[in-house]
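Engineer: I would like the atomic coordinates for the input below:
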Amino acid sequence: MIGPFSVEEVGSKAWMRQHNLVEQLNIQAHQNALTRHDEYVVEALLNEDKIPTLIHHLLATEAWREKIFPLMHKEIQGSAAIKVYVALYHEATICNLLEVLLFHSNACESGGDAMCELAEYCYRKLLRLSTKAIVPPKPEGKLDLKQVSAMESESEADALSKQVEDISFSTAMSCITLMRFLTEHVHMLPVSVPRQLLDNLDVLMVLVPLMEASPWQRRSSSGIEKYVENKWMKIERKDRFRLSKIEAQVWLSIYNLLMDKGCRTLYDFTNYRKEVLMRLKRYMNDLLKDQLPILKDLQRLLEELSLMKMPAPAKPLHLVVPVSLIRESIYMSASTKKDRTEDEWSQIAKSQLAGPFSANHKDRAEEMRALAETYGGGVMEALIEDPKCARCGKPATNRCSRCQHEWYCSRKCQLKSWKKHKTACGLLASAISNKKQQEKEMKKRNENMKREASKGCDGRGGTVRVEAAAGGADGGVPTSTQPKVVEIVPEAAVETDVDGKQRQQQQQQQEEEQQQQGKAAPKPEVESTKETTAAAEQQSIEKREEEEGGDDDILVLDEACSEQNKHVEDAAAAGAGEELLDLEEIE
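Structural biologist: Model (predicted):
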């Protein structure tokens, strides 16, 4: 099951198992939410109290990206770049899973004090978005010769740096949704969380500049694009003022913090805060209020604030001071119990370069096989968007026949991209071939087990006995050409034979006991001898009757078996003819 990990464990075998498990849970949770099925993944994570553990994963991956990745990304070579990307993408996976979980109010309640650290993480992301430290990726357009040559000469370090920027932007967009859920379920959170949001972090002073920056919108050569459903979509001119989901999440976060009575009593309105909030009035128009009618109350509040005179700020009395225990434990050294120094971070980076992130790691093929199983399901294909060319970004219709993962728009792009794709293609192809070989062996083993099981049963609950043909004069190889006689004995007859053997054993035991007691009790010995003689005579009579009727029974069974075999052979011949006919028609 999912458990916390340290920064040193990132990339290890145990960490990869946890990543694959979290990725599968994330895919299944989104599939259940989209199809409106029973969300058993959410219930399982809540019952096991895994919300704080997921937040620990999020903060540990953030620490690894900020402290260790800059020290090692220039030395990444070969197939290790795939694993580094997986470690970076783990942060986005956790954010996506938390989006599904925190939609439910009981999930926010289950997080406990760890929700305070999640609020701080979201605040850091939104602050970087509002100050444009995190910017949207540049739109993809037609590539000229210089850009193509630059892409061909691009190193692994440069490619990883671009991937870090894309992942940072996607996680920041997810944090907007997480902030909306935190403000919406604020009454279900511990007392320290509202104080953290309104006083220590002052999230409202970040949401207003974020609304002005509009990082969910960009301009390309084809027009205006908006970030919708984790991808950029072209917006028609008539839909330019239509709210996107991300933009609506920001408005709802502001509304929840200002209109909730509990939050409003905690928030200390000052002249500076009033001036920042007044900047929202220029966005209040009829088109916006038609799309979000609840903003009419927010507009009324802003009008009231504009007429009020703010009192002098009072010194706040902090009764509850939140402490970032998870983040401190991640950044703390196990030996000194203090924050890690730069030398300690560099030592961790060197050990990981020599270990799990080395170019020729011994477990690389097994890790690629596990990743192929995680992302190769039909559920994943239903969630991802239409494929694009791995080289030029155009819509792709062709896929690499070796690894079945990389898409291209033409043979020309595939040949130009082969130098970079060659290493990853070999690893994925070997992983897929090993998986298919294991499936074939398992299928063959199951067929053999079924065949062996069918040998001992004729389909009517009986046991099949095969009598050997008569041997030669010397007792060696049989000289008779007659077929072997197959006798089908019902289960009842088998049970009767077993009961007869048990009776004979009991009689022998009784005889031995009577012989031991013969001297002390001579009269019972005579009686027992008479009973034994009568039983022996009865057995001889039954045996003689069985021998007289046995040949007829075997003959009848032999004829029945021959007729049955004849029907089976005729059916097999007919089936073979039909199959051959089908093949001829296909040809």
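Engineer: And for residue 451, the neighbour number?
Structural biologist: 9 (other C-beta atoms under 10 Å). In short, each C-beta sits where N, CA and C put it, glycine included.
Engineer: Packing partners of the host helix or strand of it?
Structural biologist: For residue 451, the host element (DSSP states H and E) is helix 411-455. Counting contacts by 3 or more C-beta pairs under 8 Å, 6 or more residues apart in numbering; DSSP states H and E, helix 411-455 is packed against helix 145-152, helix 364-375.
Engineer: Give me the neighbour count for residue 245.
Structural biologist: Neighbours around residue 245, by other C-beta under 10 Å: 14.
Engineer: for residue 40, same thing?
Structural biologist: Residue 40 has 11 neighbours, counted by other C-beta under 10 Å.
Engineer: What pLDDT is listed against residue 10?
Structural biologist: Listed pLDDT for residue 10 reads 93.
Engineer: ok, so what distance separates residue 268 from residue 204?
Structural biologist: For residue 268, the distance to residue 204 equals 11 Å [C-beta to C-beta, to the nearest Å].
Engineer: between those two, who's got more neighbours?
Structural biologist: Higher neighbour count among residue 268 and residue 204: residue 204, with 20 against 15, using other C-beta under 10 Å.
Engineer: so is the closest residue to that one other than its chain neighbours in a helix, a strand, or just coil?
Structural biologist: Excluding the flanking residues, the one nearest residue 204 by C-beta to C-beta, 6 or more residues apart in numbering is residue 257, at 5.7 Å. Judged by DSSP: H, G, I helix; E, B strand; the rest coil, the three-state class of residue 257 is helix.
Engineer: what sits against residue 257?
Structural biologist: Applying C-beta atoms under 8 Å, 6 or more residues apart in numbering, we find residue 257 in contact with 183, 186, 197, 198, 203, 204, 263, 267.
Engineer: Just give me the neighbour total for the last one.
Structural biologist: Each residue near residue 267 was counted by other C-beta under 10 Å, and the total is 18.
Engineer: quick one: contacts for it?
Structural biologist: Per C-beta under 8 Å, 6+ apart, neighbours of residue 267: 198, 199, 204, 257, 258, 273.
Engineer: The last one against residue 208, yeah?
Structural biologist: No. Counting by C-beta atoms under 8 Å, residue 273 does not reach residue 208; the two are 9.6 Å apart.
Engineer: Compute the distance between residue 170 and residue 454, please.
Structural biologist: 55 Å.
Engineer: Who has more neighbours out of those two?
Structural biologist: Neighbour totals were compared for residue 170 and residue 454, and residue 170 leads with 19 against 10 (other C-beta under 10 Å).
Engineer: that's a strand at the more buried one, yeah?
Structural biologist: No. Counting by three-state DSSP, residue 170 is not part of a strand but helix.
Engineer: can you tell me which of the contacts of residue 257 lies nearest to residue 334?
Structural biologist: Closest approach between those and residue 334, by C-beta to C-beta: residue 197, at 32.0 Å.
Engineer: Look at the closest one and say how many residues are nearby.
Structural biologist: 28.
Engineer: Could you do residue 180 as well?
Structural biologist: Neighbours of residue 180 (other C-beta under 10 Å): 24.
Engineer: tell me which element the nearest residue to it once chain neighbours are set aside is part of?
Structural biologist: The spatial neighbour of residue 180 that comes closest, neighbours along the chain excluded (C-beta to C-beta, 6+ apart), is residue 249 at 4.3 Å. Here residue 249 sits within helix 245-259, counting by DSSP H and E.
Engineer: what about that helix, average pLDDT?
Structural biologist: Mean pLDDT, computed over helix 245-259, is 95.
Engineer: Partner strands of the longest strand along the chain and their direction?
Structural biologist: The longest strand of the chain (DSSP state E) is strand 223-228. Strand 223-228 sits in its sheet next to strand 217-220 (antiparallel), strand 231-234 (antiparallel), going by DSSP bridges.
Engineer: What residues sit buried inside it?
Structural biologist: 225, 226, 227 (16 or more other C-beta atoms under 10 Å).
Engineer: of all those, which comes closest to residue 78?
Structural biologist: residue 227 (33.2 Å).
Engineer: Could you report the distance from the closest one to residue 166?
Structural biologist: Distance from residue 227 to residue 166, by C-beta to C-beta: 12 Å.
Engineer: Report the separation between residue 191 and residue 257.
Structural biologist: From residue 191 to residue 257 the distance is 16 Å (C-beta to C-beta).
Engineer: my bad, residue 236
Structural biologist: According to C-beta to C-beta, residue 236 and residue 257 sit 33 Å apart.
Engineer: Repeat that for residue 323.
Structural biologist: 23 Å.
Engineer: do the same with residue 54
Structural biologist: According to C-beta to C-beta, residue 54 and residue 257 sit 24 Å apart.
Engineer: ok, now which ones touch residue 107?
Structural biologist: 42, 45, 46, 51, 101.
Engineer: what helix or strand is it on?
Structural biologist: Residue 107 belongs to helix 105-111, assigned by DSSP H and E.
Engineer: Export that helix to CSV, keeping only CA atoms.
Structural biologist: C-alpha atoms of helix 105-111 as CSV (Å, rounded to 0.1, in the frame of the first residue of the first chain):
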residue,chain,number,x,y,z
SER,A,105,-16.0,17.3,1.8
ASN,A,106,-15.2,14.2,4.0
ALA,A,107,-11.9,13.9,2.1
CYS,A,108,-11.0,17.5,3.3
GLU,A,109,-11.9,16.5,6.8
SER,A,110,-9.9,13.3,6.6
GLY,A,111,-6.7,15.3,5.7
